[in-house]
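Peer 1: Sharing a model that was predicted from the sequence below.
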Amino acid sequence: MRTFIAIDIPEELKPEIISIQYEIEGSDIKFVEPENLHFNIKFLGDTTEDQIPKLTAILDEISNKFEAFDIEINGMGAFPSNTHIKVLWLGVKDGSNELLGLAEAIDSKTKEMGFREEERTFKAHLTLGRIKSKNGNKSLSEMIENNKDVSVGKFKANSIKLIKSELTPQGPQYTVVHEAKFG
């Protein structure tokens, strides 16, 4: 099974995120479905059933070292850059240091289990969508510039989740395997 570790976005912030997606509807983008919006902390990929108990123990251990913290979703950007766009995202104003610490702790512990170590420095972001073609990149670059300080809102992150991802013709289907509360 394919798995990843994430922090969910609360329902009350989703309408604002959806309205931002709607504003860029004309572009050739595959948007993340509202029910799948999350902050990805670590993509694990192929995971066996035998690894699940160890992963849940790691998440419980790490989550106990963190207190609940605020995350403010703020700003728009793109990977790999705002002019060569493959992924469109919303950034983090408050909570980025906590997310970085969480990502580093999880990366270190999952590496010990044999999962791939992250090669890139963790950048806290909420993926809005993935670009399907280069058409409209110029207008997207302008939109990113115009929304570089867009504010979506703030929420309290209380837990991290181990999530199973099943790819279907209708898009990915996510199932929570384990939730580890902070503190």
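Peer 2: Noted; the coordinates are in hand.

Peer 1: Now do the helices for this structure: every range, in order, please.
Peer 2: Listed in chain order, the helices found in the chain under DSSP state H are 14-23, 52-63, 96-112, 137-146.

Peer 1: Which other helices and strands does the second one contact?
Peer 2: Contact here means 3 or more Cβ pairs under 8 Å, 6 or more residues apart in numbering; DSSP states H and E; on that basis helix 52-63 packs against helix 96-112, strand 159-168, strand 171-181. In this view, the C-beta of every residue, glycine as well, is placed from N, C-alpha and C.

Peer 1: Can you give the contact residues for the lowest-mean-pLDDT helix or strand in the chain?
Peer 2: The helix or strand of the chain with the poorest confidence is helix 137-146; it has a mean of 83 (mean pLDDT, DSSP states H and E). Among residues not part of helix 137-146, those counted as contacts by Cβ atoms under 8 Å, 6 or more residues apart in numbering are 23-24, 26-27, 76-78, 82-85, 88, 131.

Peer 1: Which entries within the residues you listed meet the buried criterion?
Peer 2: The neighbour-count test (16 or more other Cβ atoms under 10 Å) applied to those identifies 24, 27, 76-78, 82, 85, 88, 131 as buried.

Peer 1: Tell me, how many residues neighbour the residue nearest to residue 171 when sequence neighbours are not counted?
Peer 2: If you skip the residues right next to it in sequence, residue 171 has residue 33 as its closest partner in space, 6.0 Å away by Cβ to Cβ, 6 or more residues apart in numbering. A count of neighbours around residue 33, defined by other Cβ atoms under 10 Å, yields 14.

Peer 1: give me phi/psi at residue 33?
Peer 2: Torsion angles at residue 33 (phi, psi; degrees, to the nearest 10) stand at phi -60, psi 150.

Peer 1: Narrow the buried ones among the contacts of helix 137-146 to those in strands?
Peer 2: When strands are assigned by DSSP state E, the members of these inside them are 76-78, 85, 88, 131.

Peer 1: For residue 123, which of the helices and strands packed on helix 52-63 is the nearest?
Peer 2: Ranking these by distance to residue 123, with Cβ to Cβ as the measure, places helix 96-112 first at 8.6 Å.

Peer 1: which residues touch the closest one?
Peer 2: 5, 7, 39, 41-42, 44, 55, 58-59, 61-62, 65-66, 69, 71, 92, 117-118, 122, 124, 157, 160.

Peer 1: Of the contacts of helix 137-146, which one scores lowest on pLDDT?
Peer 2: The member of the contacts of helix 137-146 with the lowest pLDDT is residue 26, and it reads 59.

Peer 1: got any ranges where this protein has weak pLDDT?
Peer 2: Segments of the chain classed as low confidence (criterion: pLDDT under 70) are 25-27, 134-137.
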